[in-house]
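Q: this one's sequence-less:
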């Protein structure tokens, strides 16, 4: 009977045992310390020193590469507002991209310069409402400057890497992107469709002959 | 002795490849409709060019390769692997025309990543792409998850006995129903039902989180498509980190865990046998290996004390590990965070999860739970044999839909595929290290590509060397088709050169 019970519920028992080990192992450590510096500095990217000014401008790559070093510091961050604002009560989430496309995106014939990069910002909803345009296919978003505290793993946001902003300024308003219809490509599409219709007709004739 | 393929063989392969490519062209009608709805005229033209190219290729091959002869096993395997390559080349047309890719190779990389439900991408400036292109990226991964051959089987093939052979060539071998075309339709029935339910849940939560109704709906459909198919694409460059919501994350986890289950398991539960979940070898194997991967990752994160409390640690760890283990590739952290905060031990935990993967005959990649289960059962059988009297007869049973006795041939087949996966993981790692990446990072991305996961720690990027892109592309293709079709295609090409 014991053997059968083990066969049926052994997995669950094992899972619960391991989960308990997790909790015993994690909780005391998590409660004592709030951050660690063991992975060191990536010197290729900016990191804070004694001379680094309070509220100094930092880019997204430096924040990710040296997250532990910047953790808890007041910083200024500038980027293009993309996507949308997501209002959560009195607060809101926005996303600012400080990549090459903030100046000129691919839809405006900007150069290809790698992936997007930016940061998530948690700020009062009133500040988020000041943003007029968010970047997408049809728009270049407002360029926005925020000042706030950077968190490598924000405790009140389930460990998300965020900037908790307290001030916001629009540096450059966004604008709609004008797409001119590519007529050459449209002609190519029409040509291919005509050819496809012709082939479809030929295939039907061939199929009828086989019958 | 190798036999040189005859004209009739080429005709059969051409005919069925053409049908699959017409299926790809038909799929493009969906993003075309979205582009037209949102007034994205240039994107719509790009899709018309893509549709035209697929139809011309498909119809031309059908005209040239008219035959009534049915498929043999080798034809089925070759059609599966070859049609995936052609579908990649032609499916990349709208990608390339969008102007968001550095080269046609990059565009093909993304399409292969979509079909194989990997989720890695080389697309640049994702946050400014059209809704049409985003729809195409997600349709690719949704269709790829069910299998592009399954689509063709569902809609374009009329009761051919050989259809099962292409179906198997695409890495699936479960017959839910007696007829393979009915099986393909059953797979679509399950997937479309979940699509409606899952998208609705995500849409409601998205609007509650502050998204507009239209953007919320599009994001819900796309996130469901990529989550269900364990693809990992997302409409924003922040991936699922964009939503900053525990509830959204929980729904995603439910979607990708259900999506990573074997279609046969889905069907058995769907048709009333719920006890299968408790008995199935893949479910048991998945639970055990997920726990082990979680344990390793947790130790790594706790050692570096990355997160301020146990709840934050568990939330981040569980999401990334479950995403890796189901080979989905959704993330709620930045790629480089793996290297810069998580450290090597936690990365190895996630790597292990990705390498093992989820269930066979699902949308997931990796070794698969069934093979891990069979391997350990075989090991256990040998251990029992060693400690038992010589006259003892050791019988080991395993359960997947039905209870079976473990045979040497089954174990051999499972081990062969596991070894092939180890081979492609090693190849990708060696190439990554050759190009100057840290071994742990190179291993992470190589395993991610080979197991069709899509998580990245920053190795994969548009600026990586072209040979690396080709190796990762090959890994995705080989990993998704589970090697047999590739071996068949290789043998076919060899028989052209050396056959008699």
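A: Thanks, I have it. Not measured: the values here are computed from a predicted model.
Q: Need phi/psi at residue B:394.
A: Dihedral angles of residue B:394 (phi, psi; degrees, to the nearest 10) stand at phi -90, psi 120.
Q: Around residue B:227, how many other residues sit close by?
A: Neighbour count for residue B:227, taken as other C-beta atoms under 10 Å in any protein chain shown: 34. To be clear about C-beta, it is placed using only N, CA and C from the backbone, and glycine gets the same treatment.
Q: got a list of what it touches?
A: Contact partners of residue B:227, counting by C-beta atoms under 8 Å, 6 or more residues apart in numbering or on different chains, are B:198, B:252, B:255-256, B:259, B:328, B:330.
Q: For residue B:373, which residues are in contact?
A: Contacts of residue B:373 by C-beta under 8 Å, 6+ apart are B:281-282, B:284-285, B:398.
Q: which of these lies closest to chain A?
A: residue B:284 (5.7 Å; C-beta to the nearest C-beta).
Q: for chain A, what are the nearby residues on the stretch 351-500 of chain B?
A: Taking C-beta under 8 Å from any C-beta of the partner chain as the criterion, the neighbours of chain A within the stretch 351-500 of chain B are B:461-463.
Q: which residues does the closest residue to residue B:357 other than its chain neighbours contact?
A: Counting by C-beta to C-beta, 6 or more residues apart in numbering or on different chains, residue B:366 is the residue found nearest to residue B:357 once chain neighbours are left out, at 1.7 Å. Residues near residue B:366 by C-beta under 8 Å, 6+ apart: B:327, B:354-358, B:421, B:451-453, B:479.
Q: any idea how far residue B:235 is from residue B:366?
A: Residue B:366 sits 25 Å away from residue B:235, going by C-beta to C-beta, to the nearest Å.
Q: Give me the mean pLDDT for the helix or strand hosting residue B:373.
A: Under the criterion of DSSP states H and E, residue B:373 resides in helix B:369-387. The average pLDDT within helix B:369-387 is 91.
Q: so how far is it off the chain centroid?
A: 27 Å (C-alpha atoms, centre = their mean, to the nearest Å).
Q: So which bits of that helix are buried?
A: B:369-375, B:377-378, B:381 (16 or more other C-beta atoms under 10 Å in any protein chain shown).
Q: Contacts only, for the closest residue to chain A within the stretch 101-250 of chain B.
A: Closest contact between the stretch 101-250 of chain B and chain A, by C-beta to the nearest C-beta, is at residue B:210 (3.1 Å). If a contact means C-beta under 8 Å, 6+ apart, then residue B:210 has A:84-88, A:92-93 as its contacts.
Q: mind checking pLDDT for it?
A: Per-residue pLDDT puts residue B:210 at 95.
Q: average pLDDT across stretch A:178-187?
A: Averaged over stretch A:178-187, pLDDT sits at 96.
Q: distance between the ends of it?
A: Terminal residues of stretch A:178-187 lie 21 Å apart, using C-alpha to C-alpha, to the nearest Å.
Q: What of stretch B:297-311?
A: 15 Å.
Q: go on, stretch A:95-113?
A: Stretch A:95-113: ends 19 Å apart by C-alpha to C-alpha.
Q: sec struct for the residue in the stretch 1-150 of chain B positioned nearest to chain A, please.
A: Ranked by C-beta to the nearest C-beta, the top residue of the stretch 1-150 of chain B for proximity to chain A is residue B:52, at 2.6 Å. What DSSP: H, G, I helix; E, B strand; the rest coil gives for residue B:52 is helix.
Q: Thought residue A:192 was touching it, still the case?
A: Yes - with contact defined as C-beta atoms under 8 Å, residue B:52 counts as touching residue A:192 (2.6 Å).
Q: Which one of the two is surrounded by more residues?
A: The neighbour comparison of residue B:52 against residue A:192 (other C-beta under 10 Å) goes to residue B:52, with 23 against 19.
Q: quick one: contacts for the more buried one?
A: Counting by C-beta under 8 Å, 6+ apart, residue B:52 touches A:188-189, A:191-193, A:195-196.
Q: Please tell me how far whichever residue of chain A sits closest to chain B sits from residue B:82.
A: Nearest to chain B in chain A, going by C-beta to the nearest C-beta, is residue A:192, at a distance of 2.6 Å. Here residue A:192 is placed at a distance of 22 Å from residue B:82 (C-beta to C-beta).
Q: same thing with residue B:65?
A: Distance from residue B:65 to residue B:82, by C-beta to C-beta: 13 Å.
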